[in-house]
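Asker: Need the 3D shape of this:
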Amino acid sequence: MKLKRQPEDFQVEELPRVTLAPQGRFTYYKLTKRGLGTLEAIEAIRRHWNLPGRSVSYGGLKDRHAVTVQYLSIFDGPDVSLHQASLELEPLGKLERPYTPQDFTGNRFEIVLRDMTAEAAARAGTQLEALSRDGLPNYFDDQRFGSVGFSGEFIAEAWLKGDHERALRLAFAEPNPFDRPDTKARKATLRECWGDWAAAKAGLDRSSERSIVTYLVDHPTDFRGAFARLRRELRSLYFAAFQSHLWNLVLAGWIERNTRVEQRSPVDLKVGVFPFPVGLDEDQRKAIAAVPLPLPSSRNKPGDGPVDEITTDVLAAFGLTWTDMRVKHLKDVFFSKGSRDPLLVPENVKTEVFKDDLHRNKQAIRLAFELPKGSYATILVKRITEAAGSGS
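Answerer: Predicted structure coming up:
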């Protein structure tokens, strides 16, 4: 099975709920992008209109390898469209406040799975039907962990343990499979010259990395201050990635507690192997779904009973406790509050099997469905193609 053979094979549209206000100070836009990440698109918009960093507000992060539609607001933004090679920005009206993640309910997906045999396509359809019985585990998927490099270490874990130099090195110089050639070259220079900041500065071109190295030339051991100079959006992603991994481990433990061994299908995610529930009876599904799992954060109350036991064990494996889950020394980054449903069921599901025009003698299946915000369509794909032996 092949996913994302071309950007049009993975389409996402945010489902907003906003009320336009004719006199609002925030211009509301529809952003359509292709082959471009959300943060990259916003940076391109800022550069084009020379906007201050905090003037743009958006709902969710959308995949780079896709065609996506999402919404954003710009304080006193121009009431004109913007057309570039990989993005289109269209003004829709005014808002009285910024557009935020609270202003959309979920996403509509249209995904094409290719290079499948007729049998594999049929099995995928059968497994999709099974989701109404078993539910879909609401794991954070690989896109959430793009900041985790080849070492597998989490930047935020190092920070929580007070190793600010390690956190900076992981964020700044750790090789990552998604690095572009220019980024690879800068990271190689940083690794080679780590600690010799004058040499590192001399070896870097004009970039955000060079500006931070310039700070280290004058403050050679202030790794905490240097880390704080990384873009806030990136630092937020680092802490979100670690919190999400911890939550995934709690969900895995919760599934294991409520299922038998033969009802768990192991699926590889970027940062580990996680159980997907299959063949559940009604009572099991209700038991798993009945308890929203709190995001590990000292700003939250820990779960009760078995959930608290599982969470305590997960954190202890990292040498942490619940009260350790707070971001020290950074005033603009926090662990998220709230909880997350363990299971969900996709809505408005439609499927179509057709001849794959990109792979000879193979079939493709088109899936259309809606998921709540924060949920990952790629988890659904893994469930119907990898779990329960349903791969092609």
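Asker: can you pull the contacts of residue 104?
Answerer: Contacts were defined as C-beta atoms under 8 Å, 6 or more residues apart in numbering; by that measure residue 104 touches 14, 15, 16, 17, 59, 60, 71, 373. Glycine gets a C-beta too; all of them are placed from N, C-alpha and C.
Asker: how near is it to residue 373?
Answerer: Applying C-beta to C-beta, to the nearest Å, the value for residue 104 to residue 373 is 6 Å.
Asker: got any residues that touch both of these two?
Answerer: The contact lists of residue 104 and residue 373 share 59, 60, where a contact means C-beta under 8 Å, 6+ apart.
Asker: sorry, back to before: can I get the contacts of residue 104 in TSV including neighbour count, pLDDT and distance to residue 330?
Answerer: Formatted as TSV, the entries for those read as follows, by neighbours: other C-beta atoms under 10 Å; pLDDT from 0 to 100; distance: C-beta to C-beta, whole Å:
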residue	neighbour count	pLDDT	distance to residue 330
14	23	96	28
15	16	97	32
16	16	96	30
17	8	95	32
59	22	94	23
60	17	89	22
71	22	98	28
373	15	92	25
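Asker: any idea which of those residues is closest to residue 160?
Answerer: Closest approach to residue 160 among the contacts of residue 104 (C-beta to C-beta): residue 60, at 25.3 Å.
Asker: Quick one: residues in contact with stretch 43-56.
Answerer: Under the contact criterion C-beta under 8 Å, 6+ apart, stretch 43-56 has outside partners 36, 42, 72-78, 82, 84, 87, 89.
Asker: sorry, that was for stretch 31-42
Answerer: Applying C-beta under 8 Å, 6+ apart, the set of residues contacting stretch 31-42 from outside is 7, 44, 56, 58, 60-72, 86-90, 233.
Asker: wait, doesn't residue 234 sit right on residue 171?
Answerer: Yes. With contact defined as C-beta atoms under 8 Å, residue 234 and residue 171 form a contacting pair (7.2 Å).
Asker: Of the contacts of stretch 31-42, keep whichever come out buried.
Answerer: Neighbour counting over those (16 or more other C-beta atoms under 10 Å) leaves 7, 44, 56, 58, 60-72, 87, 89 as the buried ones.
Asker: Now do the same for residue 109: helix, strand or coil?
Answerer: strand (DSSP: H, G, I helix; E, B strand; the rest coil).
Asker: what's the burial count for the nearest residue to it once chain neighbours are set aside?
Answerer: By the measure of C-beta to C-beta, 6 or more residues apart in numbering, the closest residue to residue 109 outside its immediate chain neighbours is residue 377, 4.5 Å from it. As a burial measure, residue 377 scores 25 neighbours (other C-beta atoms under 10 Å).
Asker: Quick one, grab the pLDDT at residue 377.
Answerer: Among the per-residue scores, residue 377 holds a pLDDT of 94.
Asker: where's it relative to residue 76, distance?
Answerer: Plainly put, residue 377 is 35 Å away from residue 76 if you go by C-beta to C-beta.
Asker: any idea how far residue 157 lies from residue 385?
Answerer: Distance check for residue 157 against residue 385: by C-beta to C-beta, it reads 31 Å.
Asker: Go through the contacts of stretch 43-56 and flag which are in helices.
Answerer: Under the assignment DSSP state H, these contribute residue 42 to helices.
Asker: tell me the two of the contacts of stretch 43-56 that are most distant?
Answerer: Spatially, the most separated pair among the contacts of stretch 43-56 is 36 and 76, at 24.6 Å (C-beta to C-beta).
Asker: Narrow the contacts of residue 104 to those in strands?
Answerer: When the contacts of residue 104 are checked against strands (DSSP state E), the matches are 14, 15, 16, 71.
Asker: More neighbours: residue 36 and residue 76, which one.
Answerer: When neighbours are counted by other C-beta under 10 Å, residue 36 and residue 76 differ, and residue 36 comes out ahead with 24 against 9.
Asker: which residues of the chain score low on pLDDT?
Answerer: Low-confidence segments of the chain, defined by pLDDT under 70, are located at 388-392.
Asker: burial of the residue nearest to residue 285 when sequence neighbours are not counted, as a residue count?
Answerer: The spatial neighbour of residue 285 that comes closest, neighbours along the chain excluded (C-beta to C-beta, 6+ apart), is residue 135 at 5.6 Å. A total of 22 residues lie near residue 135 under the criterion other C-beta under 10 Å.
Asker: In this structure residue 135 contacts residue 290, no?
Answerer: No. Under the criterion of C-beta under 8 Å, residue 135 lies out of contact with residue 290, with a separation of 11.5 Å.
Asker: shared neighbours, the two?
Answerer: When contacts are counted by C-beta under 8 Å, 6+ apart, the set common to residue 135 and residue 290 is empty.
Asker: mind listing what's buried in stretch 112-125?
Answerer: Buried positions in stretch 112-125, judged by neighbour count with 16+ other C-beta under 10 Å: 112, 113, 114, 115, 116, 120, 121, 123, 124, 125.
Asker: Spit out the contact partners of the third one.
Answerer: Okay, so that is residue 114. 1, 2, 3, 5, 9, 356, 358, 359, 362, 364.
Asker: The residues you listed in strands, which ones?
Answerer: Secondary-structure check on the contacts of residue 114 using DSSP E: residues within strands are 2, 3, 364.
Asker: Drop anything exposed from these.
Answerer: The neighbour count (16+ other C-beta under 10 Å) marks 2, 3, 364 as buried among the ones in strands among the contacts of residue 114.
Asker: residue contacts, the second one?
Answerer: So the one you mean is residue 3. Taking C-beta under 8 Å, 6+ apart, we find residue 3 in contact with 9, 10, 111, 113, 114, 378, 381.
Asker: try 7 Å
Answerer: In this structure, residue 3 makes contact with 9, 10, 113, 381, judged by C-beta atoms under 7 Å, 6 or more residues apart in numbering.
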